[in-house]
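Colleague: got a predicted model here, sequence first, then my questions.
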Amino acid sequence: MIRKLFAISFAVTCIFYIGCNSQKSKHTLVSVRSMKDTVGFAHLDWQVDSVVKRINRTYSEEITKVNTPSDMAWRVAICPHDDYTYASWQYPALLKNLKAKTVIIFGVAHKARQLNVADQIVFDTYSHWHGPYKNIKVSSIREELMANMPKELYQVNDSLQKIEHSVESMLPLVQHYNRDVEIISILVPFMDSERMSEISKSLAAAIAQSMKTHNLEWGKDIALLITTDAVHYGDEDWSGKNMAPFGVDSIGYKRAVAHEHGIIDSCLVGDLGLERIQLFINNTVQPNNYQEYKWTWCGRYSVPLGLMTALDLQGEVGGDPLKGEYIGYSTSIDHKPLPVDDLRMGKTAIATIRHWVGYASVGYR
């Protein structure tokens, strides 16, 4: 009898112990990447809803000009990541046609130099990212991609991911249009075109393998989202740098904007090809030092690597040739800022003729 009671007591203790550890494991598996910038970007559901309504009301003409069919889905998209008050209408104009459940995001690595990160794409370990409507799940495909790529081509670095604002900028709008979206964040630091080509081929093959395994359709089930702000221009409040090769008067502004359109038209809009991607690199990166700007687009690495991956993925899975469609271009000073102060949001930088940023958005169906 005593032996039987001991056995029962031991069994109950084991079950309790296993249950406690199981709950602990479940808890530790959930790690949420919180928002870094809650001033420039919305982080609450009512903020996002209000921002979208104001954009549709304030910039109805710009939104109407885009005129993309509501049932069309981008396979690839290029989106800005500046404050909502400045980039405003370009977010919904582009992202409303991002329909895929799984979105692989190519982000900028603004702090890569400080953390001595280069020549590898950067993943994270988070299970979720903060979303305004609910936490956004990280797709399990992330682990599949890493398992199917050579380890020397990537690293896992939460320290870099948690201080980077470019990826998080788009998530509130992405989730606004697709509440069940899942993401994979990939940051792209300094690397030359040869390294980009090596990584893109491996990454595209890994994506294609996951698409085959899960029977995923490009555009409908999985898509690529690339982020960049266009030129950072001026001679004031740029950490002491003069980034105004055309000057800071109205003539210089017009010349800079014309140069921007030249890059967009010759590199991003129209048929996607390796020559045009290389032309983008040639326009934005110094030929003798790939870590230095030639023209100050912060996405000088995320854009070409993302587009190379798209081109290689097309080679893997087939489909119609990728063709860039111009969604829009604006600057932080060519229109009145979207009012957001009453939404507990604001501006993270000034916007003047001596300090302004360009924004370009392009979609590939």
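Modeller: Everything's here; your move. Numbers count the residues shown, from 1 in each chain.
Colleague: ok, Leu305 - contacts?
Modeller: Phe106, Ile121, Val188, Met191, Met196, Ile199, Ser200 (Cβ atoms under 8 Å, 6 or more residues apart in numbering). Where C-beta positions appear, they are placed from N, C-alpha and C, glycine not excepted.
Colleague: and it, what helix or strand is that in?
Modeller: helix 302-317 (DSSP states H and E).
Colleague: ok, Lys241 next?
Modeller: When elements are assigned from DSSP H and E, Lys241 belongs to no helix and no strand.
Colleague: okay, now it: neighbour count?
Modeller: Burial of Lys241 is recorded as 12 neighbouring residues (other Cβ atoms under 10 Å).
Colleague: need the contact list for the closest residue to Ser250 other than its chain neighbours.
Modeller: Excluding the flanking residues, the one nearest Ser250 by Cβ to Cβ, 6 or more residues apart in numbering is Ile353, at 7.3 Å. Residues in contact with Ile353 (Cβ under 8 Å, 6+ apart) are Gly234, Val248, Asp249, Ser250, Tyr253, Ile333.
Colleague: most neighbours among the residues you listed, please name it.
Modeller: That'd be Gly234 among those, by other Cβ under 10 Å, with 25 neighbours.
Colleague: just the strands in the stretch 251-365 of the chain please.
Modeller: 270-271, 285-286, 289-293, 323-331, 355-364 (DSSP state E, counting those that start in this stretch).
Colleague: quick revisit: give the buried residues for the helix holding Leu305.
Modeller: Going by neighbour count (16 or more other Cβ atoms under 10 Å), the buried part of helix 302-317 is 302-314, 316-317.
Colleague: repeat for stretch 268-281
Modeller: The neighbour-count check on stretch 268-281 (16+ other Cβ under 10 Å) flags Leu268, Val269, Leu272, Arg276, Ile277, Gln278, Leu279, Phe280, Ile281 as buried.
Colleague: any idea which of those residues is closest to Lys323?
Modeller: Distances from Lys323 to those, taken as Cβ to Cβ, are shortest for Leu272 (6.6 Å).
Colleague: so Glu292 sits against Val285, correct?
Modeller: Yes: the pair Glu292 / Val285 is scored as a contact, 7.3 Å apart, by Cβ atoms under 8 Å.
Colleague: so the two - more neighbours on which side?
Modeller: A direct count of neighbours by other Cβ under 10 Å for Glu292 and Val285 places Val285 higher, at 22 against 11.
Colleague: list the contacts of the more buried one.
Modeller: Taking Cβ under 8 Å, 6+ apart, we find Val285 in contact with Glu292, Tyr293, Lys294, Arg300.
Colleague: kindly report the same for Ser169.
Modeller: When contacts are counted by Cβ under 8 Å, 6+ apart, Ser169 touches Asp37, Gly40, Phe41, Pro80, His81, Asp82, Thr227.
Colleague: find the nearest non-adjacent residue to the fifth one, please.
Modeller: Same thing as His81. Leaving aside its chain neighbours, His81 sits nearest to Ser169 (3.8 Å; criterion: Cβ to Cβ, 6+ apart).
Colleague: and that neighbour, what element?
Modeller: Following DSSP H and E, one finds Ser169 within helix 166-177.
Colleague: quick one: low-confidence parts of the chain?
Modeller: Scanning the chain for pLDDT under 70 picks out 1-28.
Colleague: where along it do the helices fall?
Modeller: Ranges of helices in the chain, per DSSP state H, are 2-29, 45-58, 60-66, 84-87, 90-95, 141-147, 158-161, 166-177, 193-214, 250-263, 274-284, 302-317.
Colleague: Tyr126 is nearest to which of those helices?
Modeller: Across the helices of the chain, closest to Tyr126 is helix 158-161 (Cβ to Cβ), at 7.1 Å.
Colleague: distance between the closest one and the chain's centre?
Modeller: 15 Å (Cα atoms, centre = their mean, to the nearest Å).
Colleague: and what of stretch 182-196?
Modeller: On Cα atoms, centre = their mean, the centre of stretch 182-196 falls 11 Å from that of its chain.
Colleague: list the buried residues of that stretch.
Modeller: Result for stretch 182-196 [16+ other Cβ under 10 Å]: buried residues 182-191, 193, 195-196.
Colleague: quote the end-to-end distance of it.
Modeller: This stretch, stretch 182-196, spans 25 Å end to end (Cα to Cα, to the nearest Å).
Colleague: okay, now Asp119: neighbour count?
Modeller: 15.
Colleague: that one and Val188: what is the separation?
Modeller: Using Cβ to Cβ, to the nearest Å, one gets 10 Å for the distance from Asp119 to Val188.
Colleague: and if you look at Pro245?
Modeller: On the measure of Cβ to Cβ, Pro245 and Val188 end up 25 Å apart.
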